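Trainee: Here is a sequence with its predicted model. Questions after.
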Amino acid sequence: MARGLVLCSQTRTIAKLSFFLSYPKLWFKPHRHHRPCYGPHNIPSARVFCHCVNSQTLNLVDMAKYNEAFSRRMAMAGIKHHNSIALGVSGGPDSMALCVLAASWKTEGLYGVDNSGKFIDGLLAIIVDHGLRSESKDEASLVGNRVSEIGIRCKIVRCDWLNGKPKQGHLQESARDMRYKIFQDVCMQNQISVLLVAHHADDQAELFILRSSRDSGVLGLAGMAFTSQVFSSHTNFCNNDWKNHSVLLVRPLLDFSKEDMYKICQGSNRDWVEDPTNRSPLFARNRIRASLGNLLSGTFNSELQAVISACRRTRIYVDQICNSLMKQSITVMDQGYAVINLKTLNPSKIEDICLSKFITLVLQFVSQRQRPIRGSTSKLLLQYIRTIPCKISLTAAGCYICPAPGSKGFEALVCCSVYCPLPSNAESFRTFSNVEEKHCFSDELEQIIANGRSYSNNNLVTDSSQAQFLDMRSQSVLDEARRLDVISESTYRNIISLQREEVSHFKSKTDEVASGCESKQGTEHIAAFLSEPLLPGQTCYFMNRFIISWKLSKEISSNWFRGEPLSLSYLQGDCHCCCVNEDEMVAKVRTMIDADWLYLAELTKWPHSDNFEATRLPLTGKITCLDYSRLSAKVALKSLKSIPVAARKSMPLLVDDHGRLLSIPSIGFKHCPCMKASTVFKPRVPLGGGHSSFL
């Protein structure tokens, strides 16, 4: 067995390393609670498993202080002891500390072990095996065993990289996206509404430097939200209602430092894992973490956190203003578009930062693309929304914006643009049985959010004077923070130095990323108009916004054209269509095009008999679909005239396998009287993006 000494950069404490050559991992036994340090050329490929070692020199850890702080943050989030909770666990000191605190908090609430007698009731740790290294499976299993020792039930999920493992340059981003997708899937499968992750104050500091180097505004510099509602890619039907399942993502450790994570593991005598890839300078966060490690003195750290806190107060104020504006000036239509009342909005009275955030939220809702809107696009939208009456149209951020018909430019129409890249077009639903319905996503999450909002309402930033950095970019934020004595001159210079260092890395990669993205443009949106066949009785989710279903009925109701002034006595009673053949009928989903409008217009002109009774076929009493579709088209055209042209293009419809129009459910058109089709506008992410808190 080889032994060696490593000098830790944070505290200059000498730690002992033990290398067990007979096992493909490194076991680290530190005398103190600090991470092992590696140089750029001696990063091991396997993770390092760390053990807390008892020593007379170790200071006693006040676990009561940490437990009390954790309990306070859980109360702020609106979470009660009886709520079911999932934990995102990697096995590092951060997530192991989270497990320790969550287990203590759960048992403190007198909620003991589950029916197995082994695990704490209402806690589930989710461990993701990314499968990027040969030993990752064994490591995930070992982490699971350690978490189980705390009394927390575990679920280990291995990533399935359908398109191949991610490339090195996108490794961390791809792994993160996959990890959170798995978190959401497991939460849904286990009907858990709360997910805790172990982000802490040092992570916020890293993110501040990273975003400021990208010239982010004050809203981005506010960092990660304390709580945020994350919407799953799965939609379900239960309790006679369509519901988008969401998870409340909570970061209860944002007030804790990295040093606290080690102390909590030490104080509870828990082992953890150190991932050497977190030291690789290939990744921006790792470079920033290494640089911050040399600067995180008491003064620098406290002043940097003070700037982040001030940015968060500004963010809270902006969010409050935007929520108020959306309630007053936005009308959401059933056909999937929104109307902004510019008179009510009164853009000239709104700060740029609030107005920019407002229009961003509207466009993200209509397009269901949650990408941020930056740079020239943001400026263009600001200029557009401030021009009253609006007279021009533009396409931006996946949306088409134009004056609303008949409003004389005092209302703006926001529609989904089908000429921009769109979300995947159709997904099948999971429908719960009657047995499952009683367990199906209860009102627990709504109650938790209500509890959290009740706390937030007592801490609102009601005065713009409390929002210190309104409409400032990163450099301006730092200048203002220095002027207000939030940070000292030395802290200001150190942050600027970190920014410049990271900017140089960022610029060197910009051209590579841009060239890689260009080749993908122009093909993404094409797939959005195609879909697999939708069989009778099936339901699909189209473009992240429409729930579509259809079926055939052998009996025709007498109220198909309710409100139609023409005499339709020939439909009274139960008649049977002559074209119904469920085995042969196939439907596909796509958006509406100009040819569909022309087809409806031509359909109304087709030759027909003035004698409706004569349309019945001799002897059988059946009716032809031709006359029915002609009358249906006539009613549909009336409805279409009330829908703006721009909005029609994103309306879903059903066609047969030859592309012939079968139904436009949102306006009631059906080619066959025996076809029952429905479209419900149900966007995955609601207007405003769902609940979030930056307290």
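Mentor: Happy to help now that I have it. Numbering: from 1, shown residues only.
Trainee: Next one: the residue nearest to I667 when sequence neighbours are not counted, what pLDDT does it get?
Mentor: Closest residue to I667 apart from its sequence neighbours, by Cβ to Cβ, 6 or more residues apart in numbering: S639 at 4.0 Å. Every C-beta, even on glycine, is put in place using the N, C-alpha and C of the backbone. For S639, the pLDDT comes out at 91.
Trainee: And for S639, the neighbour number?
Mentor: Applying other Cβ atoms under 10 Å, we find 14 residues neighbouring S639.
Trainee: okay, now the domains of this protein?
Mentor: 61-110+117-283+441-470, 538-608+622-681 (the TED database).
Trainee: Out of those domains, name the one with the poorest average pLDDT.
Mentor: Among the domains of the chain, domain 538-608+622-681 carries the lowest mean pLDDT, a mean of 79.
Trainee: Just want the most central residue of the protein.
Mentor: Of all residues in the chain, the one closest to the mean position by Cα atoms, centre = their mean is V230, 4.6 Å from it.
Trainee: related to what we said a few turns ago, helix/strand/coil for the residue nearest to I667?
Mentor: helix (DSSP: H, G, I helix; E, B strand; the rest coil).
Trainee: isn't it right next to M651, touching?
Mentor: No. Counting by Cβ atoms under 8 Å, S639 does not reach M651; the two are 10.6 Å apart.
Trainee: where do the contact lists of those two overlap?
Mentor: Common neighbours of S639 and M651 (criterion: Cβ atoms under 8 Å, 6 or more residues apart in numbering): I667.
Trainee: In a markdown table, list the domains of the chain along with distance to S376.
Mentor: Formatted as a markdown table, the domains of the chain follow (distance: least, Cβ to Cβ, whole Å):
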| stretch | distance to S376 |
| --- | --- |
| domain 61-110+117-283+441-470 | 13 |
| domain 538-608+622-681 | 23 |
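Trainee: need the strands for the stretch 151-300 of the chain, in chain order.
Mentor: For the stretch 151-300 of the chain, the strands defined by DSSP state E, counting those that start in this stretch cover 153-158, 194-196, 227-238, 241-250, 272-274.
Trainee: would you list the ones you listed in a markdown table and tack on distance to L361?
Mentor: Shown next, in a markdown table, are the strands of the stretch 151-300 of the chain (distance: least, Cβ to Cβ, whole Å):
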| stretch | distance to L361 |
| --- | --- |
| strand 153-158 | 33 |
| strand 194-196 | 23 |
| strand 227-238 | 14 |
| strand 241-250 | 17 |
| strand 272-274 | 39 |
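Trainee: F469 is nearest to which of those?
Mentor: Distance to F469, taken as Cβ to Cβ, is lowest for strand 227-238 among those, at 21.1 Å.
Trainee: The longest helix seen in the chain: what's the following helix or strand?
Mentor: Longest helix in the chain by number of residues (criterion: DSSP state H): helix 298-329. Heading C-terminal from helix 298-329, the first helix or strand you meet, by DSSP states H and E, is strand 330-332.
Trainee: After that following strand, which helix or strand is next?
Mentor: Downstream of strand 330-332, the first helix or strand assigned by DSSP H and E is strand 338-341.
Trainee: what is the rounded mean pLDDT of that next one?
Mentor: Mean pLDDT, strand 338-341: 98.
Trainee: Buried residues of the next helix or strand after that strand, list them for me.
Mentor: Next along the chain after strand 338-341, taking DSSP H and E as the criterion, comes helix 342-345. Neighbour counts over helix 342-345 (16 or more other Cβ atoms under 10 Å) mark 342, 345 as buried.
Trainee: distance of the residue nearest to I667 from A633?
Mentor: Separation of S639 from A633 (Cβ to Cβ, to the nearest Å) stands at 11 Å.
Trainee: ok, now C187?
Mentor: According to Cβ to Cβ, C187 and A633 sit 46 Å apart.
Trainee: wait, what's in contact with I127?
Mentor: 89-91, 140, 143-144, 147, 154-157.
Trainee: just those residues now: which is nearest F669?
Mentor: V157 (44.7 Å).
Trainee: Make sure that closest one is actually in contact with I126.
Mentor: Yes. V157 lies in contact with I126 (Cβ under 8 Å); the separation is 6.8 Å.
Trainee: Compare these two (neighbour count), which wins?
Mentor: With neighbours defined as other Cβ under 10 Å, V157 and I126 compare such that I126 has more, 22 against 18.
Trainee: I'd like to know how far that one sits from E444.
Mentor: If you go by Cβ to Cβ, the gap between I126 and E444 works out to 18 Å.
Trainee: Y628 now?
Mentor: For Y628 relative to E444 (Cβ to Cβ), the value is 47 Å.
Trainee: between those two, who's got more neighbours?
Mentor: For Y628 versus E444, neighbours defined as other Cβ under 10 Å are more numerous around Y628 (26 against 17).
Trainee: coming back round to it: can you say which of the strands of the stretch 151-300 of the chain is nearest to L325?
Mentor: strand 227-238 (19.7 Å).
Trainee: Surely T591 and R648 touch.
Mentor: No. If you go by Cβ under 8 Å, T591 and R648 don't touch, sitting 9.1 Å apart.
Trainee: who touches stretch 395-408?
Mentor: Contacts for stretch 395-408 (Cβ under 8 Å, 6+ apart): 339, 360, 363-364, 366-367, 369, 371, 373, 377, 380-381, 384, 389-394, 409, 411-417, 419-422, 644, 646, 649.
Trainee: Narrow the residues you listed to those in strands?
Mentor: Among the contacts of stretch 395-408, the members falling in strands (DSSP state E) are 339, 394, 411-416.
Trainee: Tell me which two in those are the farthest apart.
Mentor: The most distant members of the ones in strands among the contacts of stretch 395-408, if one measures by Cβ to Cβ, are E411 and C416, lying 17.7 Å apart.
Trainee: neighbour-wise, which of the two wins?
Mentor: C416 (27 against 21).
Trainee: quick one, what contacts G144?
Mentor: So G144 contacts 125, 127, 154, 156 (Cβ under 8 Å, 6+ apart).
Trainee: Please enumerate the shared neighbours of V157 and I126.
Mentor: 182, 186.
Trainee: Show me the strands in the stretch 401-550 of the chain, by range?
Mentor: Counting by DSSP E, counting those that start in this stretch, the strands of the stretch 401-550 of the chain are 411-416, 426-428, 430-431, 539-542, 546-552.
Trainee: partners of the longest one, with directions?
Mentor: To tie it back to what came earlier, the one meant is strand 546-552. According to DSSP bridges, strand 546-552 forms sheet pairs with strand 539-542 (antiparallel), strand 675-681 (antiparallel).
Trainee: Nearest to A450 among those would be which one?
Mentor: Using Cβ to Cβ, the nearest of the strands paired with strand 546-552 to A450 is strand 675-681, at 25.2 Å.
Trainee: returning to what we had before: and V477, which of the strands of the stretch 151-300 of the chain is closest to it?
Mentor: V477 lies closest to strand 227-238 among the strands of the stretch 151-300 of the chain, at 22.1 Å (Cβ to Cβ).
Trainee: I figured I126 hits V186, correct?
Mentor: Yes. Proximity of I126 to V186 meets the contact threshold set by Cβ under 8 Å, at 5.0 Å.
Trainee: Give the residues shared as contacts by these two.
Mentor: Counting by Cβ under 8 Å, 6+ apart, the residues touching both I126 and V186 are 86, 155, 157.
Trainee: Buried among the contacts of stretch 395-408? Make that a PyMOL selection.
Mentor: Filtering those down to the buried ones (16+ other Cβ under 10 Å) takes a single PyMOL command:
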select buried, resi 339+360+363+364+366+367+369+373+381+384+390+411+412+413+414+415+416+417+420+421+422+644+646+649
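Trainee: Next step: the contacts of stretch 395-408 restricted to helices.
Mentor: Using DSSP H, 360, 363-364, 366-367, 377, 380-381, 384, 646 are the members of these that sit in helices.
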